[in-house]
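Student: Here is the input, now give the coordinates:
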Amino acid sequence: MASRPEAAVCCFRRTAITSFSNRERSASMALLEVVGLKKTYPTGETALRGIDLAVDGAEVIAVLGLSGSGKSTLLRCINRLVEPSEGLVVLDGVRVSELDRRGLQRARRHMGMIFQEYNLVDRLTVLENVLSGCLGVASTWRAVTRAFRKDDIERAMELCSRVGILDQIRKRADQLSGGQRQRVGIARALMQQPKILLVDEPTSSLDPKIGAEVMELMCAVADEHHVPMLVSVHDLDVATGYSKRIVGLREGRIVFDAETREVDRSILHSIYTDQDAA
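Tutor: Numbering: from 1, shown residues only. Sure, this is the predicted structure:
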């Protein structure tokens, strides 16, 4: 496993990344490389101000920051649910930020996304929602008719069992509790067989007990599937309790990138400013 980059991510050499073609990846490159990522909306609001980040190995990384710091925008720019204004995103040697529509569709198959508000189709069953995770590789006919292959159905049921919702597979999504809905989202993301998991505030709509169960589950399945997980959080306890590395964001900039055990009050002050972070 490649070693994690040093905390000062700003020292990444852009030439080391930009010299690669869309299909090349050297042993020295991280699975995910983000270089100079910026996002300015048409209103003039700037959400990201030059993000440099590298992710490799099956580690859980918390992106920690206050509301409006750019956490969700960063995740959504990585998979281009939000189009970046500038910068480079490279996943496993593929320049995601430069792909056309068809190429982007292929690249997104490898990025599992778990959303704060679940993003389930309420009128579909749990099993159908989980199976939607393989639509990126299913034929158009199978996608439209939902005529999924037997092995896809079997895999979806295995994932439902793993996340604890096998007894709910015939229920519509709108009949589930928040914790159950998030478990469906986890299974759907895993259905893609992703190379990385992007997780946006997964517990903010859940009570603390259920939220802890969901975090423990996500960390466990990420480890089982040997995929890194980049998870945005605003809660310090969640960040320190479940991640091995914390990337701190403030006003669209990375203010620190360190192993969780290295985070102290002075580092937290760079995020929370005059607020009491303890």
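
Student: Would you check how far apart Arg245 and Leu64 are?
Tutor: Counting by C-beta to C-beta, to the nearest Å, the gap from Arg245 to Leu64 is 10 Å. C-betas here are computed from N, CA, C, even on glycine.

Student: So which of the two has more stuff around it?
Tutor: Leu64 (30 against 24; other C-beta atoms under 10 Å).

Student: where's that one relative to Gly44, distance?
Tutor: Taken as C-beta to C-beta, the span from Leu64 to Gly44 is 26 Å.

Student: Could you do Ile169 as well?
Tutor: 47 Å.

Student: do the same with Glu251
Tutor: 15 Å.

Student: So for these two, which residue has more residues nearby?
Tutor: Of the pair Glu251 and Gly44, Glu251 is the one with more neighbours under other C-beta under 10 Å, namely 16 against 6.

Student: Find the nearest non-adjacent residue to that one, please.
Tutor: What sits nearest to Glu251 in space, not counting adjacent residues and going by C-beta to C-beta, 6 or more residues apart in numbering, is Ser69, at 6.5 Å.

Student: Assess the claim that that neighbour and Leu249 are in contact.
Tutor: Yes: contact criterion C-beta atoms under 8 Å: Ser69 and Leu249 qualify, at 4.3 Å.

Student: Now list whatever residues contact both of these two.
Tutor: Listed as contacting both Ser69 and Leu249 by C-beta atoms under 8 Å, 6 or more residues apart in numbering are Ile271.

Student: what kind of secondary structure is Pro42 in?
Tutor: coil (DSSP: H, G, I helix; E, B strand; the rest coil).

Student: how much space between it and Gly87?
Tutor: Distance of Pro42 to Gly87, computed by C-beta to C-beta: 18 Å.

Student: So if I had to pick from these two, which one is more boxed in?
Tutor: Between Pro42 and Gly87, counted using other C-beta under 10 Å, the more crowded position is Gly87 (18 against 5).

Student: give me the element the more buried one is part of.
Tutor: Here Gly87 is covered by strand 86-91, with elements defined by DSSP states H and E.

Student: ok, and the closest non-adjacent residue to Asp122?
Tutor: With C-beta to C-beta, 6+ apart, the residue lying closest to Asp122 is Asp174, at 3.8 Å.

Student: helix/strand/coil for that neighbour?
Tutor: Under three-state DSSP, Asp174 comes out as helix.

Student: Neighbours of it, how many?
Tutor: 11.

Student: which other residues reach stretch 125-139?
Tutor: Residues from elsewhere that reach stretch 125-139, judged by C-beta under 8 Å, 6+ apart: 105-106, 108-109, 112, 120-121, 124, 143, 146, 148, 152-153, 156-157, 159-160, 165, 168-173, 176, 184, 187-192.

Student: go with 6 Å
Tutor: 109, 120-121, 143, 148, 152, 156, 165, 168-173, 184, 187-188, 191-192 (C-beta atoms under 6 Å, 6 or more residues apart in numbering).

Student: What residues sit buried inside the strand or helix carrying Leu104?
Tutor: Leu104 belongs to helix 101-108 when assigned by DSSP H and E. Residues of helix 101-108 classed as buried: Ala107, Arg108 (neighbour count, 16 or more other C-beta atoms under 10 Å).

Student: In PDB, could you pull the C-alpha coordinates for that helix?
Tutor: The C-alpha trace of helix 101-108 is given here as PDB (Å, rounded to 0.1, in the frame of the first residue of the first chain):
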ATOM      1  CA  ARG A 101     -20.400  12.900 -21.000                       C
ATOM      2  CA  ARG A 102     -20.000   9.300 -21.900                       C
ATOM      3  CA  GLY A 103     -16.600   9.000 -20.300                       C
ATOM      4  CA  LEU A 104     -17.900  10.700 -17.100                       C
ATOM      5  CA  GLN A 105     -20.700   8.100 -16.900                       C
ATOM      6  CA  ARG A 106     -18.100   5.300 -17.000                       C
ATOM      7  CA  ALA A 107     -16.000   7.000 -14.400                       C
ATOM      8  CA  ARG A 108     -18.900   7.500 -12.000                       C
END
